[in-house]
Every structure is written in C-alpha cells, then in structure tokens.
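K.L.:
No sequence on hand, only this structure:
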Ligand SMILES: NC(=O)C1=CN([C@@H]2O[C@H](COP(=O)(O)OP(=O)(O)OC[C@H]3O[C@@H](n4cnc5c(N)ncnc54)[C@H](OP(=O)(O)O)[C@@H]3O)[C@@H](O)[C@H]2O)C=CC1
Ligand SMILES: O=C(CO)COP(=O)(O)O
C-alpha cells in the first residue's frame, strides 16, 4: 500500500478505479469531504509518484491531494467489501478492464463514469459490463463536470442513474458540499446523452475552428441536440433525462468550452491543425460507432462528424452540405 490515510472506523472506502483526470478528481472531491477513498491506477510507478508528491502531475498538475486520499496500484487495497466502486477508465478500455478484474469486481455496485459507445459493438458502458460480468449491479454517474473544476472543489452537479435499489445509498455516499448528486432511474438515457454530446461538441469545435461564427455554432448545437433526442428516444431513453444534467447540461458545458477535449479536437480539425495526441477524446470513437450503427438514418450532424474524422469531407464543405439540405420543419421528431 502507498498513501498516508489512516484506516478509520466507518463505511468501507470507496474505490475509484482509473487514475486519469476524472478518476483523480472524483477521488479528491470525495476525500476532501471526509470520505474514505482509495484511488487505484494500473501503473505502480506512477501511483507511487502520486503518493510521494501528493498530486497527479500528468492529469491535474499542481492540485494537491487531500491528506486523507489513499492511492494504490493494488486492486485488493482499492476494493473493500461492500464499497461502491467508481470505474473511471475510458469507454474503449472498459471491456478489457472488467475482464481483467472480473473476480474482484463481482458483487460490487459499479458506478460507471465513462461517456461513450464501444467501437465495434455499438454498446454502451453498462451493456459492456453486463456482457463481461452478467448480473453486475451498475449505476451511471454523468453530467457537466470538468475534472479540473471538481478537483479544486468548485460546485458541480451530476446525475446518478440506476435501477438498483441501493441508488439512494450511493447518492448519499457520493454527495459532498461541492458535489450535488441527483438520482435518476434512466441509465440508458444518461449514457446516451453523455456519449452523444461529445460528438456534437466535436462539431461545435469544428465550426469555431473554421471561423464560421457563434451563430452557426448555436444552430449546429441545437440541431445536434435534436438528433441526440431523436436517436436516444428511439432507443428507449426518457426525455426528461436528456433534458437534464447528463444530456442538455453536459452538452452546454462541452460545446462552449475549450477546456473540453472533444471541443478542442473539433477546434483543431476546423482550423486544419494537428489534433493533440495522447488525449482521451471519447467523441471520436463514439462518432464512428454511431455512424456504423445508423446508416441511412437522418442524423446529419452526427454523421458529418464521422465523415470529418475519416477525412471524407473538409470542414467548410461540411457546413455547406448541412446548410443546403432540403428545407424542413423545426422539431426534434422530424
Ligand atoms: N476529464 C474530465 O473532465 C471528465 C471525464 N469524464 C469521462 O471519464 C472517462 C475517463 O476520462 P479521463 O479520466 O478524463 O481520461 P484520462 O485520459 O485522463 O485517463 C484515463 C485513465 O484510464 C486509465 N486506463 C486506461 N485503460 C485502462 C485499463 N485497461 N486499466 C486500467 N486503467 C486504464 C489510464 O491509465 P494509463 O495512464 O496507465 O494509460 C488513465 O489513467 C472518459 O469516459 C471521460 O469521458 C467524465 C467527466 C469529466
Ligand atoms: O465530459 C466532460 C465534461 O462533462 C469532459 O469533456 P471532454 O472529455 O470533452 O474534456
């Protein structure tokens, strides 16, 4: 074990599995509020470095860990009997992670923190977990939340969506003075909203990177949201979920801030610049997964992002194509 936290009587430590930006930020905000938390990462040397320097220099440089946060590269240390586990690895890594740690994860409430659709299968994170760990208890934690905001205690509100009867208990454990958790019962909608808003954020970035203007961005985000509603409702999501924090709320954050990695990828694409490398950009794989699963469906913004990423169309041409589509009525159902 590495870390400085004292074991203390009380509830078992929450395990946060995945020590990237978001996992670290969640662990920090919970620990800062007095929760026992173990942050687990797979790289022993890096975790030892975090324990020694009390910061995640790679993802949240300069933000000091609360003294009570324990960091570890040992799964048994991170997974306490009866504790909820926050899974904060990227969507495309989730299947491999669950398969690798199947036995240890068994029986725990798994709180899924990733936003995306698995490439190749078109599955959402909860469906990936169900395939790898049949009967798993899951909740989805999603909503507008930049890791850097959470990590320094800025006020944040998220949706915890689950059908598990332990939902209120988990809501209570994850709530802190800086983190307000709303309970929902539509994990499908929460995941679809969180996955699709990333694709729309890439589109929003392209518009701004190409210098097409704020009016164009607002139009594209609005029409992108209509597609999000159409696609997610057809798959069984609830409208109120999509209009909530995990849908509309996160769409606003991600489409209007250069802190977003998805929006930033779009900015680079639009400006004809090379995108940042080594960065988790969930919307790129999700755009491809959506395009593969919905050929021939009327989802022009979502499909255009996939075409842009494939290099099949240039940014200025993309907007021209969207603008010259046949005239239609406004409304997300049309
Ligand atoms: N950053 C943010 O502001 C927010 C992120 N999210 C979501 O959280 C998820 C994670 O994003 P984020 O933390 O930002 O990503 P990062 O790129 O910052 O970190 C990803 C982490 O996952 C680890 N990882 C990858 N594959 C595995 C694996 N197989 N086993 C164990 N660990 C693995 C990486 O480890 P290694 O370094 O060893 O490769 C890395 O520490 C994404 O779905 C994202 O959309 C949600 C809300 C906010
Ligand atoms: O999901 C996020 C904010 O809620 C983070 O967005 P990015 O992954 O685009 O940085």
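P.N.:
That came through, no problem. Computed from a predicted model, the values in this text were never measured in an experiment. Numbers count the residues shown, from 1 in each chain. Ligands and ions are numbered 1, 2, ... in the order given.
K.L.:
which residue sits closest to the residue nearest the centre of the chain, ignoring its sequence neighbours?
P.N.:
The residue lying closest to the centre of the chain (C-alpha atoms, centre = their mean) is residue 115, at 3.3 Å. Leaving aside its sequence neighbours, residue 115 sits nearest to residue 194 (C-beta to C-beta, 6 or more residues apart in numbering; 3.7 Å). Glycine gets a C-beta too; all of them are placed from N, C-alpha and C.
K.L.:
Assess the claim that the residue nearest to the centre of the chain and residue 190 are in contact.
P.N.:
No. With contact defined as C-beta atoms under 8 Å, residue 115 does not reach residue 190; the gap is 9.3 Å.
K.L.:
any common contacting residues for those two?
P.N.:
residue 142 (C-beta atoms under 8 Å, 6 or more residues apart in numbering).
K.L.:
Stretch 105-120 and ligand 1 in contact?
P.N.:
Yes. With C-beta under 6 Å from any ligand atom as the measure, stretch 105-120 is seen reaching ligand 1 through 113, 114, 115, 116.
K.L.:
Return the set of buried residues in that stretch.
P.N.:
105, 108-119 (16 or more other C-beta atoms under 10 Å).
K.L.:
Throw those into a markdown table and include distance to ligand 2 and pLDDT, thanks.
P.N.:
Supplementary listing: the buried residues of stretch 105-120 in a markdown table, determined by distance: C-beta to the nearest ligand atom, whole Å; pLDDT from 0 to 100:
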| residue | distance to ligand 2 | pLDDT |
| --- | --- | --- |
| 105 | 23 | 97 |
| 108 | 24 | 97 |
| 109 | 22 | 98 |
| 110 | 19 | 98 |
| 111 | 15 | 98 |
| 112 | 13 | 99 |
| 113 | 10 | 98 |
| 114 | 9 | 98 |
| 115 | 6 | 98 |
| 116 | 9 | 98 |
| 117 | 14 | 98 |
| 118 | 16 | 98 |
| 119 | 16 | 98 |
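K.L.:
Please flag which of the residues you listed sit within helices.
P.N.:
Of the buried residues of stretch 105-120, the ones assigned to helices by DSSP state H are residue 105.
K.L.:
Reformat the buried residues of stretch 105-120 as TSV; add distance to residue 135.
P.N.:
Converted to TSV, these look like this (distance: C-beta to C-beta, whole Å):
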residue	distance to residue 135
105	11
108	12
109	12
110	11
111	17
112	15
113	21
114	20
115	24
116	23
117	22
118	20
119	25
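K.L.:
and residue 305, how many neighbours?
P.N.:
Neighbour count for residue 305, taken as other C-beta atoms under 10 Å: 33.
K.L.:
Hmm, I typed the wrong one, I wanted residue 44.
P.N.:
12.
K.L.:
Tell me the spacing between it and ligand 2.
P.N.:
26 Å (C-beta to the nearest ligand atom, to the nearest Å).
K.L.:
now swap in residue 323 and tell me
P.N.:
For residue 323 relative to ligand 2 (C-beta to the nearest ligand atom), the value is 26 Å.
K.L.:
And that residue, how far from residue 219?
P.N.:
9 Å (C-beta to C-beta, to the nearest Å).
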